Each structure stands twice: as structure tokens, then as C-alpha cells.
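J.: Pasting the sequence and the predicted coordinates here, then a few questions.
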Amino acid sequence: MAIRKDELTSHYACIPNDTLRDPRLTPEALGVLVSLLSRPEDWTVRAAKIRHDFNIGKVVQQRIFRELEKAGYLVREKEKDKARTSNGRWTFRITIFQTSLKPLTDEDEQSWNRK
């Protein structure tokens with residue numbers, strides 16, 4: 001089998017191989033991560049948009065976000081949303097990272113090798 005690659009000059013994402021090969025990520029989580037990394041840096045991550053784009057329910061979306069968070073690719077910050085209500089409600093600002101904030105451990109590698 002051959003792998004052919006085009007030379008891309010626009011409309012592409014640059015994703016580190018270590019991220020693409022991270023054994024802590026399920027194919028679902030990797031797909032969502034790659035989709036998010038293909039967005040512009042100022043794009044706002046909205047859970048409802050992810051559910052719509054991937055045709056998944058809230059439970060699956062929350063599981064994927066927890067998985068990305070546990071692996072160090074997603075960080076949630078709780079903040080008051082004063083723009084939506086007069087008294088403000090708590091929302092989460094989500095930040096996605098190209099590389100994990102939590103390096104792979106020997107245990108991660110061993111658990112991957114057992115699969």
C-alpha cells in the first residue's frame with residue numbers, strides 16, 4: 001500500500017504526529033480533536049455545535065470532552081456569563097491544545113501495548 005500526499009499551501013491543519021498517535025485517545029475523541037484543531041484559533045468551542053457536527057448525543061459528547069481533558073488536550077475554565085443573563089450564570093470556557101499538557105507515562109504505554 002502506498003501513501004500519497006499533496007503539497008498543501010492553504011486550508012490545512014498542522015497536527016503533531018504524537019497527538020495523532022496518542023494511545024489514550026479513542027477514535028471518537030481523536031476525530032473531535034482533529035476537527036477542533038482544524039478551526040481558526042479564535043473559534044469558540046461550543047458543545048452543542050460538536051454534537052450537531054458529529055451527530056452525537058450529550059452523553060457521548062461529554063465522555064469525549066472528559067477523555068480529551070484527562071489526556072491533556074482540553075482545559076475547561078469556569079466563568080460567569082454576564083452577556084446571557086442579567087445576573088450572570090456559570091459557563092465553561094474551553095481551550096483546546098495541539099499537544100498534550102500531560103505527557104504519556106510508562107503506564108499509558110503499557111496499557112496501550114496490552115490492547
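T.: Sure, I can see it.
J.: Distance check, Lys102 against Ile94.
T.: 17 Å (C-beta to C-beta, to the nearest Å). Quick note: C-beta positions are derived from backbone N, CA and C, even for glycine.
J.: same question, Ala13
T.: 18 Å.
J.: More neighbours: which of the two?
T.: Ile94 (18 against 12; other C-beta atoms under 10 Å).
J.: tell me, how many neighbours does the residue nearest to that one when sequence neighbours are not counted end up with?
T.: Residue nearest to Ile94 in three dimensions, not counting chain neighbours: Val45, with 4.1 Å by C-beta to C-beta, 6 or more residues apart in numbering. Neighbours of Val45 under the rule other C-beta under 10 Å: 17.
J.: average model confidence for the longest helix along the chain?
T.: Longest helix in the chain by number of residues (criterion: DSSP state H): helix 58-71. Averaged over helix 58-71, pLDDT sits at 97.
J.: Run through who's touching stretch 3-16.
T.: Stretch 3-16 has contacts (C-beta atoms under 8 Å, 6 or more residues apart in numbering) with 34, 37-38, 98-99.
J.: in the chain, which spans are strands?
T.: 74-81, 89-96 (DSSP state E).
J.: can you list these in JSON lines and add mean pLDDT and distance to Ile3?
T.: Below are those laid out as JSON lines (pLDDT from 0 to 100; distance: least, C-beta to C-beta, whole Å):
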{"stretch": "strand 74-81", "mean pLDDT": "84", "distance to Ile3": "29"}
{"stretch": "strand 89-96", "mean pLDDT": "84", "distance to Ile3": "27"}
